[in-house]
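# here is a sequence with its predicted model. Questions after.
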Amino acid sequence: MGVTINPTVSRRRLGSELRRLRQASGMTTQQVAERLLISQPKISLLENGHRLIKPRDVRDLCQLYGVQDQRLVGDLMQLAGESGRKGWWNTYGDIAHGAYIGLEAEASAIRTYEPLVIPGLLQTPAYARAVIAGTIPHATADQTATRLQVRLRRQDRLGTPDNPLRLWAVLDESALRRVVGSREVMREQLEHLTQLGAQPHITVQVLLHEAGAHPGVSGQFSLLEFADATDVSVVYLERFTSDLYLEKRSDVRLYGDMYAHLQAQALSPDSTRQFITEAIKAYVGTEFRPDCCLLPPPHP
């Protein structure tokens, strides 16, 4: 089985394999907990990739499950060792959304819906700085600078020559109307968005207000997919304190259907570029007035 130096993904792969071996042995998580004198929730956390596990504990679990393949045991113990390493994001200290960044770093494709702001992977430095400062009012200058560095470092995935991240972003029209930072910052951001949207591995669509009610009205969500067949897709719901990660096949399928509806209701990529180009004009050569913030309608 393949290995990776991404600790987040290593924990997920290890947990998935330990769950498979437990189920093959016919044991329940409660039975395992009783045999090893640990709590049942700890077993669940290990199998979901949310808790570190030592190589010797992996060896003990394999013995309990009757695993005879010593090469497999060795691979799993190696994954356990890798899962305790630090990802590049950990060098910035205890940052927010670290688990998500680990998944994003390994994802082969991401489909994201954003109702209010431009997605982080597509933000300019000035726009990102304004978003961070505005959404975290008590952040110090150093904290804001650190978050900005991490956000810009994440964007490296889009420019990887050999294997760039495949990104599909559906943005609510509100993300283009909301003046973040300043009108000049917005102009620069929208120009940047049109440039990125022209790249073959990046697709941008705008969902107009006139689309009415749609599956995204409940808020932001992203679907992350991975090239390795052992890595299940993940639905990510960003929250201010505790993010949500959904991995059940039924949940992933539901959000996949929701995203398909959003794509169908949004402007096409070509019409989106045309719409954004017109929107840029609203941020050029005008003083700020409440009645000048309405963007022009898209071309028919």
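Yep, it's here.

# could you grab the helix/strand/coil label for Ile217?
Careful, residue 217 is Val and not Ile. coil (DSSP: H, G, I helix; E, B strand; the rest coil).

# how near is it to Met258?
Applying Cβ to Cβ, to the nearest Å, the value for Val217 to Met258 is 10 Å. Where you see a C-beta, it was placed from the backbone N, CA and C, and this is true even at glycine.

# before we move on, what about Arg51?
30 Å.

# neighbour count for the two, which is higher?
Set side by side, Arg51 and Met258 show more neighbours around Met258, with 18 against 15, by other Cβ atoms under 10 Å.

# quick check: which element contains the more buried one?
For Met258, the host element (DSSP states H and E) is helix 249-265.

# after that helix comes which helix or strand?
Using DSSP H and E, the next helix or strand after helix 249-265 towards the C-terminus is helix 269-281.

# report the backbone C-alpha coordinates of that following helix in PDB.
These are the backbone C-alpha positions of helix 269-281, laid out as PDB (Å, rounded to 0.1, in the frame of the first residue of the first chain):
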ATOM      1  CA  PRO A 269     -17.800  29.800 -17.300                       C
ATOM      2  CA  ASP A 270     -17.800  32.000 -20.400                       C
ATOM      3  CA  SER A 271     -20.800  34.000 -19.200                       C
ATOM      4  CA  THR A 272     -19.200  34.300 -15.800                       C
ATOM      5  CA  ARG A 273     -16.100  35.900 -17.300                       C
ATOM      6  CA  GLN A 274     -18.200  38.300 -19.200                       C
ATOM      7  CA  PHE A 275     -20.200  39.200 -16.000                       C
ATOM      8  CA  ILE A 276     -17.000  39.700 -14.000                       C
ATOM      9  CA  THR A 277     -15.500  41.900 -16.700                       C
ATOM     10  CA  GLU A 278     -18.600  44.100 -16.600                       C
ATOM     11  CA  ALA A 279     -18.400  44.100 -12.700                       C
ATOM     12  CA  ILE A 280     -14.900  45.400 -12.800                       C
ATOM     13  CA  LYS A 281     -16.100  48.500 -14.500                       C
END
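
# tell me the mean pLDDT for it?
If you average the pLDDT over helix 269-281, you get 95.

# what ranges does this structure have for its helices?
Secondary structure of the chain, counting by DSSP state H: helices at 7-25, 29-36, 40-47, 55-64, 70-83, 98-106, 125-135, 141-154, 174-177, 183-197, 249-265, 269-281.

# got the angle between the longest one and helix 55-64?
Relative orientation of helix 7-25 with respect to helix 55-64: 20 degrees, computed using axes from the mean of the first three to the mean of the last three Cα atoms, to 10 degrees.

# list the buried residues of helix 7-25.
7-19, 21-22, 25 (16 or more other Cβ atoms under 10 Å).

# lovely, talk soon.
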